[in-house]
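**Q** This is a predicted model, with the sequence first.
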Amino acid sequence: MLIETRNKIILGSIIGVIILAIIILVASITTVPTGYVGVKTRFGKVQDDVIQEGFNFKAPFIENIVKIDCRTQKYEVTTEASSKDLQKISNLKIVINYNVDKSTANNLYKEVGKDYQTVLIEPAILESIKQGISQYTAEETITKRSEVADTIINLLTAKLEDKGVTVTALNITDLSFSEEFDTAVEQKQIVEQETQKAQYELEKAKVENEKKIENAKADAEVMATQNAQITENYLRLKEIENQKAMIDKWNGQLPTTTTSDAIPFLNINQ
């Protein structure tokens, strides 16, 4: 009876040790999913090193592993902002892609905690949007949308980079203004179109006038040449008429008095 009792105690102890060993082994093992890192805490204090994805060991019961997602994450925000010329953008939609740096995830958890998106990233995004939009006029936010996006992403990077958060992309997916501003833009476009049309008509009239001037110059030169020819022919005709008139008046007698040996006579060979 005594031996049987002792065997039961020994068996129970062995089973207890095995169970305890299994518990310790399970508590010593942790896995980190792909794209995550494990921030190690010991008695609640964040340690300097992080564990990488896969199968890992830790000190049982005294160490805890906080898993931080370091994959690319998307954050969408709809907000309001004012442009440089104080136009209100009432519906501004922006999509941001970012990821946490694996090598500094422990510092991010230590300083901010696991809810870093709400505590750190979201306020930085909203502030950068308002700051970036304020550097451009309302019209420029439309015509220079990619440049505005680059400005916002640079501001956001400056706020988050030293915290271990990398902004990989930022896109302005939608923006809309007040009805009054939309009307003003439409009227401006109409005026610009009318101005372009008037400029075109002006240039067209200018070209036509220049063409007429050139044609007039050419006509004037032709007329001047014709006038010169007419004048020369007219003078020649008058000379011939005068000579003819003199011949008609001649009585057929030569002059009786001369001042030289030559006998003057009319030139009738014209």
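**A** Thanks, I have it.

**Q** Where does the prediction get shaky in the stretch 51-200 of the chain?
**A** 182, 184-186, 189-194, 197-198 (pLDDT under 70).

**Q** can you map out the helices along it?
**A** For the stretch 51-200 of the chain, the helices defined by DSSP state H, counting those that start in this stretch cover 105-111, 116, 122-133, 138-143, 145-160, 179-249.

**Q** Correct me if wrong, but Val50 is in a helix.
**A** No - Val50: not assigned to a helix; according to DSSP: H, G, I helix; E, B strand; the rest coil it is strand.

**Q** residue contacts, it?
**A** Val37, Gly38, Val39, Lys40, Lys102, Ser103, Ala105, Asn106 (C-beta atoms under 8 Å, 6 or more residues apart in numbering). The C-beta positions use only the backbone N, C-alpha and C, and glycine is treated the same way.

**Q** again, but for Ser146
**A** Ser146 neighbours (C-beta under 8 Å, 6+ apart): none.

**Q** The one 5 residues further on now?
**A** Thr151 sits next to Gly132, Gln135, Tyr136 when contact means C-beta under 8 Å, 6+ apart.

**Q** Name the residues of stretch 59-78 that come out as buried.
**A** Judged by neighbour count (16 or more other C-beta atoms under 10 Å), stretch 59-78 contains these buried residues: Glu63, Ile65, Val66, Lys67, Ile68, Cys70.

**Q** Quick one: end-to-end length of stretch 100-111, please.
**A** In stretch 100-111, first residue to last residue: 14 Å (C-alpha to C-alpha, to the nearest Å).

**Q** Numbering from 17 from now on, please.
**A** All set: I'll call the first residue 17, so the last point we hit is now stretch 116-127.
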